[in-house]
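In: Below: sequence and its predicted model.
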Amino acid sequence: QMPHTGLLKDYRDQIYQVSRDEMERNNAKIITTLKNYKIEVSKVSASCGPTVTLYEVIPAPGVRGSSIKKLEDDIARSLAARGVRVVNIPASNAIGIEVANEHPSIVSMKSLLADPKFNSEKYELPVVLGREISNRATSFDLAKMPHLLVAGATGQGKSVGLNAIITSLLYKKHPAELKFVMVDPKKVEFSVYSPLENHFLAMIPQENDPIITDVTKVVQTLKSLCQLMDHRYDLLKKARVRNIKEYNAKFISRQLNPENGHEYMPYIVVIIDEFGDLIMTAGKEVELPIARIAQLARAVGMHMVIATQRPTTNIITGTIKANFPARMAFRVISVIDSRTILDRSGANQLQGRGDMLFLAGNDPVRVQCALVETKEVERVCAHIANQQGYLNAYILPEPDEAVDMSGDGGGGARGDISSDKLDPLFAEAARIVVLAQHGSTSLIQRKMNIGFNRAGRIMDQLCQTGIVGEQEGSKPRQVLC
């Protein structure tokens with residue numbers, strides 16, 4: 001039985017409305033402020049949302065929108081309000097001025113899951129996030145995103161946002177249709193989902209904990225997912241279909257024979273919390289398989305949700321941004337962080353506590369994220385766990401340790417590199433290093449007239465084969481032959 005909405009809490013007693021008198025006072029203050037700067041306004045209207053109120057200002061003909069944008073700080077001072085944003089309203093001749101409400105309302109997941117518009121949509125992976133300023137439920141199909149990047153400062157609502165995404169999927173998908181791979185370096189955020197091991201979780205063989213917390217296990221799991229992706233593409237090719245939806249439809253209608261290796265493919269959603277910690281610990285070993293899955297795995301039903309509290313360019317690299325077109329930006333400290341996430345400012349002016357900008361198209365939409373408390377998640381997980389499940393978690397393929405995702409042959413023990421993976425200039429470089437009894441990358445660069453990257457890869461291969469020793473800071477490596 002699917003979970004029922006009675007397991008979730010209703011926050012009707014914490015819904016606040018901005019009074020009409022306050023709206024009219026703010027209207028008058030906005031008009032007065034703009035007149036002081038010789039900007040005429042023909043009309044001002046207001047719409048109240050859970051966290052902010054949007055005042056739509058229609059400037060007089062000939063007034064430039066950028067001139068109002070420049071007055072953002074002056075408008076905030078005249079209204080004595082915090083978090084004032086001036087935005088362009090798409091498909092309208094109005095300029096929007098967002099003003100924070102004195103008492104923000106709490107959006108409940110219970111009301112969103114009961115929303116008739118959300119229930120009428122036919123999504124493959126339905127997710128409902130929260131409510132916009134117009135109080136309309138914000139929902140999307142994760143299968144069409146196809147990957148989501150979540151970022152924001154500490155304590156601004158990222159973990160609650162991830163809980164809202166997971167809860168939406170638990171309420172709408174059967175365990176046979178969906179599996180989660182959860183990576184939690186902090187070890188405490190996703191532990192509440194452990195009871196779902198035999199229903200919704202996937203993991204590599206011989207693993208005890210269904211929630212992955214060890215970095216080495218993360219690398220193995222990502223390699224395993226890459227192998228599963230390649231296997232699924234082989235099945236799609238054999239079935240002569242283009243995506244997982246067509247394949248599963250063929251399988252259910254008995255057009256594919258299981259004796260030929262065909263099987264039903266559940267969607268797999270990989271959720272990674274604290275992505276910045278993984279990059280700092282494992283670096284390329286984590287980033288490269290994630291980029292490969294993000295580039296290729298959409299057609300075979302594998303989707304990623306990555307969260308980080310460090311939205312810097314060395315964490316959210318160009319490769320990650322290019323493959324994660326959908327973004328959820330919670331409040332950040334600086335405008336630089338906002339531009340890293342959204343390629344524009346705005347996230348630095350949010351209110352926090354679930355107030356976010358959701359970007360899935362050309363312009364970001366301001367949304368108040370639904371609050372899903374830990375006790376609510378526990379009740380939902382207990383409801384599912386008490387029902388009959390599978391004998392064990394969904395087992396991913398055994399990771400092939402011989403597969404080197406980085407492509408540079410590095411990271412292994414000495415002597416484990418095969419001759420077909422060696423650089424064509426390896427033998428000549430080995431002779432140069434041994435004759436000179438000086439192991440440095442710059443020596444290989446000078447003598448062989450090659451670039452730094454290739455010389456560095458050759459030096460790593462020399463280290464693996466036991467010709468030179470390990471690197472010791474800025475000193476040349478010890479030559480062992």
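Out: Yes, it's here.

In: so where's this protein uncertain?
Out: 401-420 (pLDDT under 70).

In: Where do the helices of the stretch 51-200 of the chain begin and end?
Out: With DSSP state H, counting those that start in this stretch applied, the stretch 51-200 of the chain shows helices at 65-69, 72-79, 109-113, 116-120, 158-172, listed in chain order.

In: Which positions within the first one qualify as buried?
Out: Applying a neighbour-count criterion of 16 or more other C-beta atoms under 10 Å, one finds Ile68 buried in helix 65-69. (C-beta placed from N, C-alpha, C; glycine too.)

In: name the helices or strands packed onto that helix?
Out: strand 52-59, strand 85-88, strand 95-100 (3 or more C-beta pairs under 8 Å, 6 or more residues apart in numbering; DSSP states H and E).

In: Just name the most buried of the ones you listed.
Out: strand 95-100 (a mean of 22; mean count of other C-beta atoms under 10 Å).

In: Partner strands of it, with direction?
Out: Take DSSP bridges as the rule and strand 95-100 pairs in its sheet with strand 52-59 (antiparallel), strand 85-88 (antiparallel).

In: Would you reformat the helices of the stretch 51-200 of the chain as CSV and include distance to Glu246?
Out: Putting the helices of the stretch 51-200 of the chain into CSV (distance: least, C-beta to C-beta, whole Å) gives the following:
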stretch, distance to Glu246
helix 65-69, 46
helix 72-79, 49
helix 109-113, 29
helix 116-120, 24
helix 158-172, 21
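
In: Point out the one among these that comes closest to Pro325.
Out: Closest to Pro325 of the helices of the stretch 51-200 of the chain, according to C-beta to C-beta: helix 158-172, at 16.3 Å.

In: ranges for the helices of the stretch 351-481 of the chain?
Out: Using DSSP H, counting those that start in this stretch, helices in the stretch 351-481 of the chain cover 374-385, 426-436, 441-448, 452-464.

In: how about those helices, which one is nearest Asp400?
Out: Closest among the helices of the stretch 351-481 of the chain, once you apply C-beta to C-beta, is helix 452-464, at 18.5 Å.

In: Now the closest one - C-alpha only, PDB.
Out: What follows is helix 452-464, C-alpha atoms only, in PDB (Å, rounded to 0.1, in the frame of the first residue of the first chain):
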ATOM      1  CA  PHE A 452      53.400  18.900 -18.500                       C
ATOM      2  CA  ASN A 453      50.200  16.800 -18.400                       C
ATOM      3  CA  ARG A 454      51.700  14.000 -20.500                       C
ATOM      4  CA  ALA A 455      55.000  14.100 -18.700                       C
ATOM      5  CA  GLY A 456      53.200  13.900 -15.400                       C
ATOM      6  CA  ARG A 457      51.200  10.800 -16.500                       C
ATOM      7  CA  ILE A 458      54.500   9.100 -17.700                       C
ATOM      8  CA  MET A 459      56.100   9.900 -14.300                       C
ATOM      9  CA  ASP A 460      53.100   8.300 -12.500                       C
ATOM     10  CA  GLN A 461      53.500   5.200 -14.700                       C
ATOM     11  CA  LEU A 462      57.300   5.100 -13.900                       C
ATOM     12  CA  CYS A 463      56.300   5.200 -10.200                       C
ATOM     13  CA  GLN A 464      53.800   2.400 -10.600                       C
END
